[in-house]
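>>> coordinates for the following, if possible.
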Amino acid sequence: MPTTIYTTKPISSISYAGKEYPVEDGEANVPDDAVDMLMEAHGFTKEPQPVDGEEEEKFDLATLTKNQLIALNFDETLGAELKQSMTKDEIYTIVKPLWDAKLAEKTA
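Residues are numbered from 1 along each chain as shown. Next comes the predicted model:
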C-alpha cells in the first residue's frame, strides 16, 4: 500500500529501487518500504510542510536526523562546513546556533 510523503523542495520526481515516483505539489506516493529511506536521505516528511507565506511550524532540531540537519544547513544556506564523517551531535552543535540566528533574523 503506498504512503504519501511530503517535501518543500522543487522537484518533479524521486526514485527508489529503480522506479521513479512523481512529486506533485510537494507530495509523492511511494511504497511503504521506501518511506524511511527517503525521509532520511532526502528530507521528506510524513506531514505536509507549510507553503511559502504560511507561518512555519517550530520544530525541535534535536529530533532531526543527521542527514536532515545537513539538508537544513544546505537548504537554508546557514553556511556551516559539515562533513559526512561528523556525528549527529557534532553537526547539531554547529547547526543549532546558526539556525537560531536565522530565526532571530527573520523575526527582527
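>>> check contacts around residue 37.
By Cβ atoms under 8 Å, 6 or more residues apart in numbering, the contact list for residue 37 reads residue 16. Every residue, glycine included, has its C-beta placed from N, CA and C.
>>> for burial, what's the neighbour tally of residue 30?
For residue 30, the neighbour count with other Cβ atoms under 10 Å is 21.
>>> same deal with the one 4 residues further on?
The number of residues packed near residue 34 is 20, by other Cβ under 10 Å.
>>> measure the nearest residue to it once chain neighbours are set aside to residue 106 for me?
Among residues not flanking residue 34 along the chain, residue 16 sits closest, at 4.1 Å (Cβ to Cβ, 6 or more residues apart in numbering). Distance of residue 16 to residue 106, given as Cβ to Cβ, to the nearest Å: 34 Å.
>>> picking that back up, does the residue nearest to residue 34 really touch residue 41, like I thought?
No: contact between residue 16 and residue 41 fails when scored by Cβ atoms under 8 Å: they sit 9.7 Å apart.
>>> quick one: which of those two has more around it?
With neighbours defined as other Cβ under 10 Å, residue 16 and residue 41 compare such that residue 16 has more, 17 against 14.
>>> please report phi then psi for the residue nearest the centre of the chain.
The centroid of the chain falls nearest to residue 43 when counting by Cα atoms, centre = their mean (3.1 Å). Per-residue torsions, residue 43: phi 80, psi 20 (degrees, to the nearest 10).
>>> dump the residue contacts of it.
Listed by Cβ under 8 Å, 6+ apart, the contact set of residue 43 reads 7, 9, 67-68, 71, 75.
>>> all helices for this protein, in order.
For the chain, helices defined by DSSP state H occupy the ranges 32-42, 66-75, 88-107.
>>> can you state the direction angle for the helix or strand of the chain with the lowest mean pLDDT and helix 66-75?
The least trusted helix or strand in the chain, going by mean pLDDT, DSSP states H and E, turns out to be helix 32-42, with a mean of 84. Angle of helix 32-42 versus helix 66-75, following axes from the mean of the first three to the mean of the last three Cα atoms, to 10 degrees, is 50 degrees.
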